[in-house]
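Visitor: predicted model, plus sequence, below.
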Amino acid sequence: MSQEQIIPTVAVVIPVYCRSDEHEQYLTEALQSVAAQTFRDFEVIIVDDVSPRDVRPILTKVDGLPHVRYIRNEANVGHANSRNIGVKSTKAEFVAFLDHDDLWKPEKLERQVQELKKQTDAGMVFCAVEVFGSHARRLGIDQSIIPDKPSFYWLINHGNYVITATTAMVRRDVLVEIGLFDPRYSTCDDFDAWLKIVRKRPILYLPEPLAKYRLHSLNTNYGVDRLNDNRLLTSLLIDYWRSAPLKEKMLLLPRIGRKLLGRAYFHLFRYRRFND
């Protein structure tokens, strides 16, 4: 059987936009952390979102990588669509996402595959994360309060405690079932996906810090359309509320009210930069 016909257990999808020496260094380090994984039955899918720099030479310089597939988008489509392109291009049972400036600990894939194989009803597993980099102090979050199986209600009341897609491994069929990542968001497409997944399958949390999330000057300059994201998340929340148990309906009313009242504020302060 040829390499192309072998279906790996895991597909590692890495959306890439490389425009600087720093980005090249970050991508190299990210790939080195992939190459160091103790679990070896995986493929790497690089989705190049029309980077100004050619990243292909970097792929050949990292020793220990398994089969790597390189996909270059015809136009810049953003990280949500780039992840979707990667998911559609594989038949692997599980998909793990790695942003090109983040890192994994060597046991990351192994531990998450173990959990999803053990708990076959679960749609996704995410791990604790270590925040590092020059802007790490800007993100303070208490991961000790995350339950082993956070519910929709818990997530919607605590925000995106998954923090980054780099921590997640998802069953591919579940991702396809929810319609993949919604590119209409400016920054919450991953949180939207986790909320949709947990409505269908349990989500598991591993309190082990198996991923490292890099906060630095080059990833703190994107614009966030808070009004747009508020509308989309509120619509998702109301859809869940319609079919929720009566007790949860009552508990969710204040959250819905705050979402709706927030519209006025977001009309005035619709856009912001992450580092404001």
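Guide: All right, it came through fine.

Visitor: could you use CA atoms for every contact and neighbour count after this?
Guide: Noted.

Visitor: which helix or strand contains residue 213?
Guide: strand 203-214 (DSSP states H and E).

Visitor: so which elements touch that strand?
Guide: strand 103-104, strand 124-132 (3 or more CA pairs under 8 Å, 6 or more residues apart in numbering; DSSP states H and E).

Visitor: and the angle from that strand to strand 124-132?
Guide: 30 degrees (axes from the mean of the first three to the mean of the last three CA atoms, to 10 degrees).

Visitor: tell me how far strand 203-214 lies from the chain's centre.
Guide: Relative to its chain's centre, strand 203-214 lies at 12 Å (CA atoms, centre = their mean, to the nearest Å).

Visitor: buried residues, that strand. List them.
Guide: 203-207, 209-214 (16 or more other CA atoms under 10 Å).

Visitor: turn the helices and strands packed on strand 203-214 into TSV, columns for mean neighbour count, mean pLDDT and distance to residue 261.
Guide: Formatted as TSV, the helices and strands packed on strand 203-214 follow (neighbours: other CA atoms under 10 Å; pLDDT from 0 to 100; distance: least, CA to CA, whole Å):
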stretch	mean neighbour count	mean pLDDT	distance to residue 261
strand 103-104	26	96	38
strand 124-132	22	93	31
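
Visitor: turn those strands into TSV, including distance to residue 152.
Guide: Listed next are those as TSV, based on distance: least, CA to CA, whole Å:
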stretch	distance to residue 152
strand 103-104	27
strand 124-132	13
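
Visitor: for those strands, which one sits closest to residue 231?
Guide: When the helices and strands packed on strand 203-214 are compared by CA to CA, strand 124-132 sits nearest residue 231, at 25.4 Å.

Visitor: distance of residue 8 relative to residue 98?
Guide: Distance from residue 8 to residue 98, counting by CA to CA, to the nearest Å: 17 Å.

Visitor: nope, residue 236 is what I meant
Guide: 26 Å.

Visitor: one step back: could I get the buried residues of strand 203-214 as TSV with pLDDT and distance to residue 114?
Guide: Shown next, in TSV, are these (pLDDT from 0 to 100; distance: CA to CA, whole Å):
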residue	pLDDT	distance to residue 114
203	97	14
204	98	12
205	97	13
206	97	11
207	96	14
209	95	16
210	97	14
211	96	16
212	93	20
213	89	22
214	84	26
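
Visitor: and the two most separated of those?
Guide: 203 and 214 (24.0 Å).

Visitor: hang on, the earlier thing: more crowded one of residue 236 and residue 98?
Guide: residue 98 (26 against 14; other CA atoms under 10 Å).

Visitor: got the buried residues for the biggest helix by length in the chain?
Guide: Determined from DSSP state H, the single longest helix within the chain is helix 246-268. With burial defined by 16+ other CA under 10 Å, the residues of helix 246-268 counted as buried are 249, 252, 256, 259, 263, 266.
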